[in-house]
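Novice: here are the coordinates; sequence isn't available:
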């Protein structure tokens, strides 16, 4: 048998080698893109903002389609998240778009817990992905990714500053999701107020340490436009699905008596910038940041919470298996203990119930005996009474026959003794 | 300046390259919802000033393709190819021919050890190559000593161990709590198996090796030094090999069960009818008909490596590099690696299960 000796010699950190001809692997990006196109893409947007800030309208305007749903009421008891998934297609790209809306955000009197349901929702999506990743038999490549890639935070157009609810919510969300703050219904603010508003918002965010999403500037092709756009945050947007005729074209706009706000006019609002940044330039980066930063952070925290470690105090790497097994053993023994407990309890209960039933049975017997006795007593009494009555009857009969006898005798003795008869009759009356 | 090697394979027979060109105004016949119309040529970047009318119903979702491309170009690609075969079958030369540069171990390490090692060794060497802005880290894994001993029993073991070790390394990194953003991929994506050109049939060693390895890695069998076979001999040999592969249940790349859809199946069926490719390798150029071509010059003629009338090197190159590279990597990561992972994560469980007296089927139910 050939003895095997393996010598492994890793290439010393790969050296650059020039090619003397066309090999053809420059088609790799195309192959990769092809595969993704066949697979389809998914993108998940979370819209956080008070009711009535135009979240649904903005989504409709961004994706140029009417998503279903009616405007929500203002009397929700708590903040809920409603998510809807749509399949969009443009040329050969299929996109599975999920829009999650916060329903009832900012409507309660006590808003302390408003952010909680949002954080829970985001965590739940991470958890679902983590569960899939940890499965033994998993299908990651066909998994429908529901993790939130972008969070559009709608700021009310007060013109002054951020509300404390906004600051608190954004602070809780900034380590979990890419936040893009936008000023909603910005046609309510004049241009000069808008500039002041934006400055105030940005400074408040910075002073409170809120990390909003920065458009990436490391790739030269888009570095310039991204860094310019970074300076325009938060975007002041206006959404509209209605079309108005301007000149000889139909454009999306909102018509007022004093003028028309055109959605896609960059002088009127930043809608075009938002669409550019969110969809046309950085969609892939948003997805990547979600996966490599936010999800990894969640995963790390969750696994550490569950008790997994990478290295033990001696700096020897812990195998995840061993921890798995240890946990599994723990879990199994706990299960067994619980089972035992349950069984004991069950037996106990059965015993108790049995005792109870026996008691009841005994009582019933006693009752039965008592009743029987009662019945017998009654019966006896009745019989006695009957006997007494019978005796009376007999005596009466006797007396009757005696009286009749006497009567007959008297008749035989003649009718002289009417007096006697009267007397006897009288006597009879006494008897 | 590098000498361009022209492709002489634009014949009608050759239909494997199926990369459509993508531009943002490409229209497919797929169903498009009413609200979305195919984008007009206008885009906000270029044609604001007096260009064609911007189509307002264009959302720009398909720009994600461009974004992905940019990201891919920035990150670069990795490819790990293993070559297995007896010494003297032209493995190194073929690698050099495939990648048009001195990527094989022998070319890199001076004083090529001509002696055959006494045991099987696994040696890998990495290169950074770049073409038209696309960077690739290519790792060539050589297996000198394979099939060269007198007794070749279990000569596949070290190779299988190496492949599994790479899966293990990836798994370990993947289950780390603090793991790298991009897990370095050293998994063997493709194993090229060199069949000596006997012209008859597969040898027991070939069958054994391919049978075992096809379960853990993508195997691409090639007939080495095919210039020793005439076309008829070659066809006969190929048919025989295909029969034997089928008879032994050996699934080489592209595996039938991993065809995704009808289109895939069609393309892959064509390939399956052609494997194993009969290849000739060369890194020498010769003048043929006024052009400089890679070839082997002999007294009776010059064999042009990239001429499909002469040998099937071009098909192999196209399969491996130009059309199916991504697919090869995908199958490695989503099928072979996942199978390894399932096996690995289960083997500990069964040990624990038996210790706890829990029947195996109980566990399986949980895991699903």
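Specialist: The structure has been received and is ready for your questions. Quick caveat, the model's predicted, so the values are computed rather than measured. Residues are numbered from 1 along each chain as shown, chains lettered A, B, ... in the order given.
Novice: In a helix, residue A:187, correct?
Specialist: Yes. Under DSSP: H, G, I helix; E, B strand; the rest coil, residue A:187 falls within a helix.
Novice: What is the neighbour count of it?
Specialist: Residues contacting residue A:187 under the criterion other C-beta atoms under 10 Å in any protein chain shown number 18. All C-beta atoms are positioned from the backbone trio N, CA, C, and that covers glycine.
Novice: quick one, helices of the stretch 151-300 of chain B?
Specialist: Assigned by DSSP state H, counting those that start in this stretch, the helices in the stretch 151-300 of chain B fall at B:157-174, B:204-213, B:231-247, B:262-272.
Novice: Take those helices and write them to TSV, including mean neighbour count, mean pLDDT and distance to residue A:353.
Specialist: Below are the helices of the stretch 151-300 of chain B laid out as TSV (neighbours: other C-beta atoms under 10 Å in any protein chain shown; pLDDT from 0 to 100; distance: least, C-beta to C-beta, whole Å):
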stretch	mean neighbour count	mean pLDDT	distance to residue A:353
helix B:157-174	18	91	54
helix B:204-213	19	91	63
helix B:231-247	15	92	69
helix B:262-272	14	89	65
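Novice: out of these, which comes closest to residue B:150?
Specialist: Minimum separation from residue B:150 across the helices of the stretch 151-300 of chain B (C-beta to C-beta) falls at helix B:204-213, 12.2 Å.
Novice: In what element of secondary structure is the residue nearest to the spatial centre of chain A found?
Specialist: Residue closest to the mean C-alpha point of chain A, counted by C-alpha atoms, centre = their mean, is residue A:121 at 8.3 Å. Using DSSP states H and E, residue A:121 falls within helix A:114-134.
Novice: in the stretch 201-350 of chain A, what spans have low per-residue confidence?
Specialist: Low-confidence segments of the stretch 201-350 of chain A (pLDDT under 70): A:308-325.
Novice: Show me the strands in it, by range?
Specialist: Using DSSP state E, counting those that start in this stretch, the strands assigned to the stretch 201-350 of chain A run over residues A:235-236, A:243-246, A:249-256, A:259-262.
Novice: distance between the third one and the chain's centre?
Specialist: Centroid separation for strand A:249-256 versus its chain: 40 Å, with C-alpha atoms, centre = their mean, to the nearest Å.
Novice: which residue packs closest to residue B:169, ignoring adjacent ones?
Specialist: residue B:186 (6.2 Å; C-beta to C-beta, 6 or more residues apart in numbering or on different chains).
Novice: burial count for residue A:335?
Specialist: For residue A:335, using other C-beta under 10 Å, the count is 10.
Novice: on that earlier part again, return the most buried member of the strands of the stretch 201-350 of chain A.
Specialist: Scoring the strands of the stretch 201-350 of chain A by mean neighbour count under mean count of other C-beta atoms under 10 Å in any protein chain shown gives strand A:235-236 as the most buried, with a mean of 25.
Novice: Contacts (any at all) between chain B and it?
Specialist: No. With C-beta under 8 Å from any C-beta of the partner chain as the criterion, chain B is not reached by strand A:235-236; the gap is at least 14.9 Å.
Novice: Stretch A:261-270 too?
Specialist: Yes. Counting by C-beta under 8 Å from any C-beta, chain B has neighbours in stretch A:261-270: residue A:264.
Novice: Nearest to residue A:213, out of the strands of the stretch 201-350 of chain A?
Specialist: Residue A:213 lies closest, by C-beta to C-beta, to one member of the strands of the stretch 201-350 of chain A: strand A:235-236, at 11.8 Å.
Novice: For the closest one, name the packing helices and strands.
Specialist: With contacts taken as 3 or more C-beta pairs under 8 Å, 6 or more residues apart in numbering or on different chains; DSSP states H and E, strand A:235-236 sits against strand A:179-183, helix A:271-275.
Novice: Can you lay out the helices of the stretch 151-300 of chain B as CSV showing distance to residue B:254?
Specialist: Converted to CSV, the helices of the stretch 151-300 of chain B look like this (distance: least, C-beta to C-beta, whole Å):
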stretch, distance to residue B:254
helix B:157-174, 19
helix B:204-213, 15
helix B:231-247, 13
helix B:262-272, 4
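Novice: who's residue A:47 bridged to?
Specialist: In this entry, residue A:47 is beta-bridged to residue A:101, residue A:152, by DSSP bridges.
Novice: List the residues that contact it.
Specialist: Going by C-beta atoms under 8 Å, 6 or more residues apart in numbering or on different chains, residue A:47 touches A:55, A:56, A:58, A:59, A:99, A:100, A:101, A:102, A:151, A:152, A:154.
Novice: Hmm, residue A:101 and the second one touching each other?
Specialist: Yes. The criterion here is C-beta atoms under 8 Å, and residue A:56 meets it with residue A:101 at 6.8 Å.
Novice: can you tell me how far the residue nearest to the centre of chain A sits from residue B:216?
Specialist: 41 Å (C-beta to C-beta, to the nearest Å).
Novice: do the same with residue B:197
Specialist: Taking C-beta to C-beta, one finds residue B:197 at 27 Å from residue B:216.
Novice: Then residue B:224?
Specialist: 22 Å.
Novice: Same question for residue B:102.
Specialist: 29 Å.
Novice: out of these two, which sits in the busier spot?
Specialist: Taking neighbours as other C-beta under 10 Å, residue B:102 and residue B:216 compare with residue B:216 leading, 20 against 17.
Novice: tell me the phi and psi of that one?
Specialist: Phi and psi for residue B:216, reported as degrees, to the nearest 10, are phi -120, psi -10.
Novice: what's the answer for residue B:279, then?
Specialist: phi -120, psi 160.
Novice: Can you name every helix or strand that the lengthiest helix in chain A contacts?
Specialist: Assignment by DSSP state H gives helix A:320-412 as the longest helix of chain A. Judged by 3+ C-beta pairs under 8 Å, 6+ apart, helix A:320-412 is in contact with helix A:418-430, helix B:337-356.
Novice: between those helices, which gets the lowest average pLDDT?
Specialist: When the helices and strands packed on helix A:320-412 are ranked by mean pLDDT, helix A:418-430 comes last with a mean of 62.
Novice: Understood, closing this out.
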